[in-house]
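In: Compute the structure for the input listed below.
(one chain, ligands or ions: 3)
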Amino acid sequence: MQYLGVELIKPKAAFFDFSCCEGCQLQIANNENKLLDFISLVEVVNFREILTERNNDYDIAFIEGSITRKDEIDRLKKIREKAKILVAFGTCASFGGINKLKNKFKDIEWVKKEVYGNCPIETNDKVMAVNEVVKVDFYIYGCPVNKSEVEAIVQSIALGREFRYLKHPVCFRCKEKQNICLYEMGKICMGPLTRAGCGARCPSNGNSCIGCRGPAEEPNIEFMKTIMIKNGFTERQIRDKFELFSAFKE
Ligand code: SF4
Ligand code: SF4
Ligand code: SF4
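Out: Numbering: from 1, shown residues only. Ligands and ions are numbered 1, 2, ... in the order given. Coordinates of the predicted model:
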């Protein structure tokens, strides 16, 4: 690839899945009309869902999933040693995600037995986000990630440009779309606290935002809780929303 007659070096990108549903990788694999553009930006050397070849020579490592097993810690550390840039790819990787609900249980042995039965799997007592094990250079939020945002972030990384995350909450985009606020329909919504960038996907389809992209810049959590309580939601309902992805620190 050339730009103004200068040969550009395409960084080698590798995607690695840890404990997750692989829905974030699927977003890229399913993005047929833009997949070729994406692949022209970087040389994809490892991507289980679209490539059979494997290559351990890479510059950028995309880590999907949270860290739940002992062997995953070693594997992740080895990837970090090789990668020049490490990206937490999706909410599981960025915050721990749904998997981190396990950490709420007091009796971890009971959880292990319920999930794995007698399978000899060595799990960690605690589920961890990627940055609890290694240094993370970039985060791509969302459960699943937003395809256009992934392209924009990968473009920035490949061209060495700064990527500016949206700072405002989902409500901004929701209002731009002139949706009727779900609070007016008696539903709870995490839109006022959650980072925009998904196009207010859920409220635009009549569903509450459940905070999958994590907190917007400086979220006013206490104030929002007061509003939720004033709107008749119970502490349990509120806690469920805040804890779902382990993305909000209260
Ligand atoms: S962030 Fe969501 S879609 Fe992505 S791997 Fe985790 S559970 Fe799946
Ligand atoms: S529906 Fe949710 S995201 Fe939309 S304006 Fe209301 S609180 Fe904000
Ligand atoms: S509206 Fe909320 S839950 Fe839905 S995709 Fe956007 S951030 Fe995630």
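In: I'd like to know how many residues surround the closest residue to residue 158 other than its chain neighbours.
Out: The shortest distance from residue 158 to any residue that is not its chain neighbour, by Cβ to Cβ, 6 or more residues apart in numbering, is 4.8 Å, and that residue is residue 41. C-betas here are computed from N, CA, C, even on glycine. Residue 41 sits with 18 neighbouring residues when counted by other Cβ atoms under 10 Å.
In: My guess is residue 41 contacts residue 9. True?
Out: No - under the criterion of Cβ atoms under 8 Å, residue 41 makes no contact with residue 9, lying 11.7 Å away.
In: where in the protein is pLDDT low?
Out: For the chain, the stretches with pLDDT under 70 are 1-8, 32-33, 35-36, 250.
In: Can you give me the domain assignment for it?
Out: Per the record's domain assignment (automatic domain parsing), the chain is made up of the domains 2-159, 170-243.
In: and the first one, does that touch ligand 1?
Out: Yes - contact between domain 2-159 and ligand 1, assessed by Cβ under 6 Å from any ligand atom, occurs at 20-24, 64-65, 90-92, 97-98, 143-144.
In: ranges for the helices of this protein?
Out: Chain-ordered helices for the chain, with DSSP state H as the definition, fall at 23-29, 32-41, 70-82, 91-95, 108-116, 147-159, 170-176, 221-230, 235-243.
In: Name the stretch among those helices that sits most buried.
Out: Between the helices of the chain, the one whose residues have the most neighbours on average, counting mean count of other Cβ atoms under 10 Å, is helix 91-95 (a mean of 31).
In: Can you tell me the closest non-neighbouring residue to residue 168?
Out: Of all residues beyond its chain neighbours, the one nearest residue 168 is residue 196 (5.2 Å), with distances taken as Cβ to Cβ, 6+ apart.
In: can you count the residues close to the one you found?
Out: 20.
In: Contact residues of the chain facing ligand 2?
Out: The chain has residues 170-171, 174-175, 179, 181-183, 189, 191-192, 200, 203, 209 near ligand 2, with proximity defined as Cβ under 6 Å from any ligand atom.
In: just to revisit the earlier point, please flag which of the residues of domain 2-159 next to ligand 1 sit within strands.
Out: In strands, judged by DSSP state E, the following of those are found: residue 64.
In: which one of the residues of domain 2-159 next to ligand 1 is nearest ligand 3?
Out: Nearest to ligand 3 among the residues of domain 2-159 next to ligand 1 is residue 143, at 6.5 Å by Cβ to the nearest ligand atom.
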